[in-house]
Each structure stands twice: as structure tokens, then as C-alpha cells.
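1. Sharing a model prediction with you, sequence too.
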Amino acid sequence: MLTESSAAVVRATLPAVQAHGAAITGRFYQRMFTAHPELLDLFNRGNQATGAQQAALAAAVVAYAEHLVGASDVPWGPILDRIAHKHASLGITPAQYTIVGRHLLAAVGEVLGDAVTPEVVAAWDETYWLLACELVAREARLYQGAGVAEGGSVWRAWRVVERIRETADVVSFGLEPADGGDVPGFVPGQYVSVAVDLDGGRGQQIRQYSLSGRPGAARWRITVKRVRGVTGAPDGMVSTFLHDRVAVGDTLRLSPPFGEVSAVAGDGPLVLVSAGIGLTPAMSALEHLAVTAPQRPVTLVHADRAGTAHALRDELPRLHHALPNLRTALWYEDPDGADGSLTELPVRVTPGRVDPELIPLAADAHVHLCGPLPFMNQVRGGLLRRGFPSDRIAYEVFGPGMLRDAE
Ligand SMILES: Cc1cc2nc3c(=O)[nH]c(=O)nc-3n(C[C@H](O)[C@H](O)[C@H](O)COP(=O)(O)OP(=O)(O)OC[C@H]3O[C@@H](n4cnc5c(N)ncnc54)[C@H](O)[C@@H]3O)c2cc1C
Ligand code: HEM
């Protein structure tokens, strides 16, 4: 809780901070990276260039302020969980909160100028630290749960033991600990951060990849889509590096598995809805259930450009045999007849885009969504309109941000 005097000041200055949010965060990053160039290796340069991460941090601080002064009723638990899991996968430390706080507050002062009295600084400082303390506490619990020693590093070397080209644009990597130690367990839906040293002196970059294989297997699997730059934008840094430079025998630095979204929630009917490379959590869920709950009723709904673009599709016959109550509905925008291997199975292939009205849905199902934001907004909106409860729709976003709630 904010002190009453600080709450009044935050309430009064919220409109000004909101109005200058973009300028404040822009200035904040400039200041922080000038004082701490080593932090450039931690942040996603693609998101910096497109402004996605800047918007995420600014939006989180302002939304938290609104929450503290009672100006919003957004539930904060899920948001804090999402940020804490992402931070833990990046190895964010409590000391770094001091750096971020110092430069964020200084940026507020710079942008708002004379309007920033010592009372205003104190009120926003209090707001920032209330949020920071919540995150630091959650992250400490996550580090402890993952066996990361206090002050220790999250990074561990993993050897690439297999590399499989799934489609023209998608490659899977099989990974084993380079130290020969144990392979940690995970929940389907969880991801690891992968840190790579880009060539040409471009420094380190970190990205998250969902584990696409079976928890408990002797190796981890990640499945990576090559991101190509469109309309003049550069190709994706890390996915291009993984595709072009990483071979069997190489090592990668990986974090432990984190991620608050389970792709196997509940124990009744499960509906897995994915598009494109968003299928990785669903494939891990199917691999897991094939061993732990083979009778569970599961509907797999997957949208892709074409059968030839649908990664891991060759695994479906094996998974259907292991999961007798699995039903699959595929939507291909451009059906290319490449689905011959699936004809004897309970698999329906429909041309076009997923129609949420046609997704088979038991009243007591749990739904997991993963794909591009517009796809997930459309499907979630359609399910809500069908009267399906939002608290049984989980979703994973492959980038910063969360879904709109208004649908
Ligand atoms: C929880 C989670 C799980 C994920 N799981 C998977 C997975 O299983 N498989 C998978 O393939 N991906 C997954 N991702 C996505 C992955 O983390 C990366 O975001 C993805 O590989 C792209 O990274 P990149 O470095 O190749 O692209 P980036 O270099 O980050 O580029 C991203 C986009 O920004 C654009 N861009 C970059 N610089 C500029 C610029 N200067 N101007 C304009 N545009 C620019 C690029 O063109 C590109 O479209 C996941 C993400 C999250 C958060
Ligand atoms: C109260 C303080 C903070 C808030 C509110 C905050 C908020 C956020 C949010 C909302 C995201 C995006 C999460 C997602 O949806 O994926 C994020 C990601 C991230 N945060 Fe923080 N953060 C804070 C502190 C820090 C600190 C101290 C650091 C380290 C210097 C840091 C580094 C990062 C990085 C590297 C990412 C991922 C960047 C990316 O993918 O572009 N954050 N943070």
C-alpha cells in the first residue's frame, strides 16, 4: 500500500506521467545504457528497436500506479507472475532494480521538469519500490525453486546433440547438459532463455524458446522458427544465428525452465489451440500426456499457412496412437495436399483460417492458446462470446505483452 500522501500525489500526477510515458521511457533507456553499457547484452535489441519492450516496462509501472491508487481493477497477480518468470529466466538481480529505479526516476524528473517537486519524486519512488519489492520477492522464490544459488548465475552450458530440419523455416535442436549432469524437469508450456554471442562483435542476445519435447526425457528439445525481416526490417538476430551458425557439437547457454503458463492445466478435457510456431507448448503437452495420462480427452487445433509449413506434423501419427482420445483439427490457409500421412487418423483438415465457432469445446474443458497476438485475440474473443469462462483460457505470448481483455 502507498502512504496516503503519496497516493494523492501519484493520483494527481498520473495524467502527466501517462501523457509523457513514451518520452520518459525513451530517456530512461538512453540514460541507463549510457551509464551501464553492459546491460545492452541483457535487453532484446529487436524489441528496443521496435519499442515493444519500452512500452511494456512503462505500461507496467503506470498500470501498477493506477492499481495502487484504486484507478483500475486489473488483477495484478498474473501480471507480476509473468514478469517475474521472464526476469528469472534472464537472471535479473535485486541490484539491477536499484539501477533501473535510479534512471527511471531521473528520467521522470528530466521530462516533467519543474512539475517534479521533491514530494512528486518521493511518491513515484515509493510506487516503483513497492512494485520492485513484489517482483524481487517472486524472483527470489523462482531462483530457489530452480536451484539457483543466491547471487549465482542462471546460465548453464548445453550441448547440441541433434539438429532436425522440420520445415523450410523451422529447426529443432536436441540439447543435453555439457557437464553431463541431470536434465531438470519442467511443466509443458515452460520455456528456457537461450543466450548467444552474435558474430561480428554484436555482443550477446537472449531469447526465450518453449521446450517442445517431453518433460523427463534424457534431452531437451527447442523448435525455432527463422524470423525473416519484412518491409526493410532486419532478419531476426537470434533465430537467424541459431539456424545459420549452430550445429551438432556446439554449446549454448540456457537458463532453467521458467514460465507461469501450464499447457496441461486441469485433468478433464483439454483443448490446445496454436498457430504457426506457437505449436511448441502444445507438442510438449501431447508428449507429456502420451506418457502420464494417455486416456485424457484432448483436442488439438492448429492453424498454419500450409501443410508443408506445419512443423512437427510428422509426430502426429505416433501421438495419435499413444493418445486414443486425441482429436485434431487443422486449418491450412493454403492446403497443399501434404497431409496424406494423417488420413487414417481422427484428423480434420479445413482450408482457411480457424473459426472459433467450430472449435469442439466441452463445457468443463481447459483451453491453452499460443500464436500471434491477433490470432489469440480472435480465438479468445470467439470462445468468450460462446460463453466459455476466461479463467479456463490460458495463453502464451511469444513476445512482450498480454492479451486485450475487452473482447
Ligand atoms: C515465452 C516465449 C516462448 C517462445 N517460444 C518460441 C518457440 O518455441 N519457438 C520460436 O521459434 N520462437 C519462440 N519465441 C520467440 C523467440 O523468443 C524470439 O522472439 C524469436 O525467435 C525472434 O527472435 P530473433 O532474435 O530472431 O528476432 P529479433 O532480432 O528479436 O527481431 C524480432 C522482430 O523485430 C524486427 N526488428 C528487429 N530490429 C528491427 C529494426 N531495427 N527495425 C524494425 N524492425 C526490427 C525483426 O524484423 C523481427 O521481425 C518465444 C518467445 C517467448 C517470449
Ligand atoms: C519495477 C521494475 C520493473 C518492471 C515493472 C519491469 C517490467 C517488465 C515487463 C512488463 C517486461 C515484459 C514481460 C513480458 O511480457 O514478457 C519486462 C521484461 C524485461 N525486463 Fe523488466 N521490469 C522491471 C525491472 C527490470 C530490471 C531491474 C531489469 C534489469 C536491468 C529488467 C530487465 C528486463 C529484461 C531484459 C526484459 C526482457 C526484455 C525483452 O524481452 O525485451 N527489468 N520487464
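-> Structure received. The shown structure was predicted, so the numbers you read here are calculated from the model rather than taken from an experiment. Ligands and ions are numbered 1, 2, ... in the order given.
2. list the buried ones in the helix or strand bottoming out on mean pLDDT in the chain?
-> Within the chain, no helix or strand scores below helix 45-50, which has a mean of 77 by mean pLDDT, DSSP states H and E. Along helix 45-50, these residues count as buried under the neighbour rule (16 or more other C-beta atoms under 10 Å): 45-46. C-betas here are computed from N, CA, C, even on glycine.
3. List the contacts of the following helix or strand past that helix.
-> Downstream of helix 45-50, the first helix or strand assigned by DSSP states H and E is helix 52-68. Contact with helix 52-68 is made by 1-2, 7, 10, 14, 17-18, 21-22, 24-26, 29, 43-44, 47-48, 72, 74, 76, 79, 83, 104, 124, 127-128, 130-131, 399-401, as judged by C-beta atoms under 8 Å, 6 or more residues apart in numbering.
4. Please apply the same query to stretch 222-232.
-> Here stretch 222-232 makes contact (C-beta under 8 Å, 6+ apart) with 166, 169-173, 175, 192, 194, 209-212, 235-236, 239-240, 242-243, 276-277, 280, 283, 311-312.
5. Repeat that for stretch 239-250.
-> Stretch 239-250 has contacts (C-beta under 8 Å, 6+ apart) with 159-163, 171, 173, 194, 196, 198-199, 205, 207, 224-227, 252.
6. again, but for stretch 343-357
-> Against stretch 343-357 from outside (C-beta under 8 Å, 6+ apart): 273, 275, 301, 303, 307, 316-317, 320, 326-335, 339, 342, 358, 375, 378-379, 381-383, 385-386.
7. hmm, try it at 6 Å
-> Applying C-beta atoms under 6 Å, 6 or more residues apart in numbering, the contact partners of stretch 343-357 are 303, 320, 327-331, 335, 339, 379, 382-383.
8. follow-up on the earlier one: now, of the contacts of stretch 239-250, which are buried?
-> Looks like the contacts of stretch 239-250 have 159-160, 163, 171, 173, 194, 196, 205, 207, 224-227, 252 buried, using 16+ other C-beta under 10 Å.
9. Report the residue spans of the protein with pLDDT below the cut-off.
-> 51-54, 338-339, 400-407 (pLDDT under 70).
10. the longest strand in it is where?
-> Ranked by number of residues, the top strand in the chain under DSSP state E is strand 156-167.
11. what packs against the helix or strand just after that one?
-> Downstream of strand 156-167, the first helix or strand assigned by DSSP H and E is strand 170-177. Secondary-structure packing of strand 170-177 (3 or more C-beta pairs under 6 Å, 6 or more residues apart in numbering; DSSP states H and E): strand 156-167, strand 220-225.
12. The next helix or strand after strand 170-177 close to ligand 1?
-> Downstream of strand 170-177, the first helix or strand assigned by DSSP H and E is strand 191-197. Yes - using C-beta under 6 Å from any ligand atom, we find that strand 191-197 touches ligand 1 at Y191.
13. Same check on stretch 267-276?
-> No - between stretch 267-276 and ligand 1, judged by C-beta under 6 Å from any ligand atom, nothing touches; the nearest distance is 8.8 Å.
14. Can I get that stretch in CSV, CA atoms only?
-> C-alpha atoms of stretch 267-276 as CSV (Å, rounded to 0.1, in the frame of the first residue of the first chain):
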residue,chain,number,x,y,z
ASP,A,267,-7.4,-33.1,-15.6
GLY,A,268,-10.6,-33.1,-17.7
PRO,A,269,-10.8,-32.3,-21.4
LEU,A,270,-8.0,-30.2,-22.8
VAL,A,271,-8.1,-28.0,-25.9
LEU,A,272,-4.8,-26.9,-27.3
VAL,A,273,-5.1,-24.1,-29.9
SER,A,274,-2.0,-22.9,-31.8
ALA,A,275,-0.9,-21.1,-34.9
GLY,A,276,2.5,-21.3,-36.7
